[in-house]
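> Structure here, sequence nowhere to be found:
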């Protein structure tokens, strides 16, 4: 199972609703146990509709409101939107700087992010390009961007000193570390229900419970979320 509660966490993700799918149960549990959790949503979610007549300008504020409501359900301390265009996310100096800024500002004990190498899920879903890019941006922040003084020196002028994130949790297909979310899966589902423009609750619940149950079997609990955990700082 997981090594214990962190004091602070940063969840980095591409679109509104990604965090809840990735680790909503873990976030709810950690908050309940005293962890200060911060969200950084990289894109504006403005491409998340095939509805006739919908536009990016109409959808953008809807997705933002839904994400804020979901974060409130889970007890997330803050939500930062970086505003990149949904579906067009790139890993470049500008987006790396934006993510680095938030990591140095928030200085989390652990970062949670998607696995950038994950190309598909089973035989029914091809992973979104933005998810992979979000994972790449997380890894770039871990090394070299956030801990290296000569990377983005302009951030020093903002008072943002280098910071080495001690822990990274990636959401992977073959997890090695598990968090028991048996007591918080209902909060995860309630948070997902806030994304009404994207999801039908009666369709999502069986999927979410099924995945968490399968992961829970590996962990020896009813429901779990799983990660690959990295530790970068030696114990004092």
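Happy to help now that I have it. If you're wondering where the values come from, they're calculated on a predicted model, not measured in any experiment.

> Starting from the lowest-mean-pLDDT helix or strand in the chain, tell me which strands it pairs with and how they run.
Lowest mean confidence among the helices and strands of the chain (mean pLDDT, DSSP states H and E): strand 120-121, at a mean of 88. Taking DSSP bridges as the criterion, strand 120-121 pairs within the sheet with strand 125-126 (antiparallel).

> Just the mean pLDDT for the partner strand, thanks.
Here strand 125-126 scores 92 as its mean pLDDT.

> So for the helix or strand just after it, mean pLDDT?
Where DSSP states H and E defines the elements, the next helix or strand beyond strand 125-126 is helix 129-140. Helix 129-140 carries an average pLDDT of 98.

> Against which helices or strands is helix 129-140 packed?
Using 3 or more C-beta pairs under 8 Å, 6 or more residues apart in numbering; DSSP states H and E as the contact test, the elements touching helix 129-140 are strand 8-13, strand 36-43, helix 93-106, strand 110-114, strand 167-171. For the C-beta atoms, the positions are set from N, CA and C on the backbone; glycine is no exception.

> Take the ones you listed and write them to CSV, including distance to residue 216.
Shown next, in CSV, are the helices and strands packed on helix 129-140 (distance: least, C-beta to C-beta, whole Å):
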stretch, distance to residue 216
strand 8-13, 21
strand 36-43, 22
helix 93-106, 30
strand 110-114, 19
strand 167-171, 16
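
> Tell me which of those is the most buried.
Comparing the helices and strands packed on helix 129-140 by mean neighbour count (mean count of other C-beta atoms under 10 Å), strand 110-114 comes out on top with a mean of 27.

> and that one with strand 167-171, angle?
Strand 110-114 and strand 167-171 are oriented at 20 degrees to each other (axes from the mean of the first three to the mean of the last three C-alpha atoms, to 10 degrees).

> Output the contacting helices and strands for strand 110-114.
Helices and strands touching strand 110-114, by 3+ C-beta pairs under 8 Å, 6+ apart, are strand 8-13, helix 18-32, helix 129-140, strand 167-171.

> Quick one: mean pLDDT for that strand?
98.

> That strand relative to helix 129-140, how many degrees between them?
Going by the same axes, to 10 degrees, strand 110-114 makes 150 degrees with helix 129-140.

> Burial check on residue 31, number of neighbours?
When neighbours are counted by other C-beta atoms under 10 Å, residue 31 registers 19.

> Name the nearest residue to it, ignoring sequence neighbours.
Nearest non-adjacent residue to residue 31, counting by C-beta to C-beta, 6 or more residues apart in numbering: residue 75, 3.8 Å away.

> Contact partners for the one you found?
27, 28, 31, 32, 37 (C-beta atoms under 8 Å, 6 or more residues apart in numbering).

> tell me, how many neighbours does the fourth one end up with?
Right, residue 32. So residue 32, with other C-beta under 10 Å, has 14 neighbours.

> does residue 164 sit in a helix or strand, and which one?
Per DSSP H and E, residue 164 falls between elements, in no helix or strand.

> Next one: the closest residue to it other than its chain neighbours relative to residue 100, how far apart?
Among residues not flanking residue 164 along the chain, residue 147 sits closest, at 4.0 Å (C-beta to C-beta, 6+ apart). To residue 100, residue 147 is 10 Å away according to C-beta to C-beta, to the nearest Å.

> swap in residue 168?
15 Å.
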